[in-house]
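Undergrad: here you go, sequence then predicted model.
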Amino acid sequence: MEKKIVLSESELGDLIQQEVNKAMRGNQKTLFSPVSITKQTFLSENARHKVSQISYHVINCIDEPIWVAKLDGPYASNDFANEIGEPTHESIRADIVHDLLRKLSLAVYGVKRNKDLQPSEQKKAVENYKDFANLYLELYRHRLNELDKEE
């Protein structure tokens, strides 16, 4: 036989709110994950365009050349150097693009963090992210197509 517990209306409301808050915190990092732009997104897109199929070599710590031919972020027209001086075209990485799209999606609802969304707004925010991501990728493809024509 179960014990019966007597709660006031406000205590019950507080318990329910605590459980809702726990559920919301669980969604903070994963809300946009199913639709996020990732390194794989850029690997696939860059492989379709001649200009972003970069092939160059770097020297490892024992003076052997290592060929690098996959770009897993947005293509930049100019070479940049990474932390150890190797040439790279990644001045912006895939995770930065994802974070910018996430923040833009949240800004539609006047919030900065996933947890600040109302539960009723979460699905709409994910749809907004998809729309922004699709627009971004369309513009990115257009840019790469134009650069391919110039070569």
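TA: That came through fine.
Undergrad: so which elements touch the top helix by length along the chain?
TA: Taking DSSP state H as the criterion, the chain has its longest helix at helix 119-150. Counting contacts by 3 or more Cβ pairs under 8 Å, 6 or more residues apart in numbering; DSSP states H and E, helix 119-150 packs against helix 9-27, helix 39-47, helix 94-107. For every residue, glycine as well, the C-beta is placed using N, CA and C.
Undergrad: would you single out the least confident of these?
TA: For those, mean pLDDT drops lowest on helix 9-27, to a mean of 68.
Undergrad: so for the longest helix of the chain, what's the average pLDDT?
TA: On average, helix 119-150 scores 94.
Undergrad: the inter-axis angle of that helix versus helix 94-107?
TA: On the basis of axes from the mean of the first three to the mean of the last three Cα atoms, to 10 degrees, helix 119-150 is oriented at 130 degrees to helix 94-107.
Undergrad: buried stuff in helix 119-150?
TA: By neighbour count on 16 or more other Cβ atoms under 10 Å, the buried set for helix 119-150 is 121-122, 125-126, 128-130, 132-133, 136, 140, 143-144.
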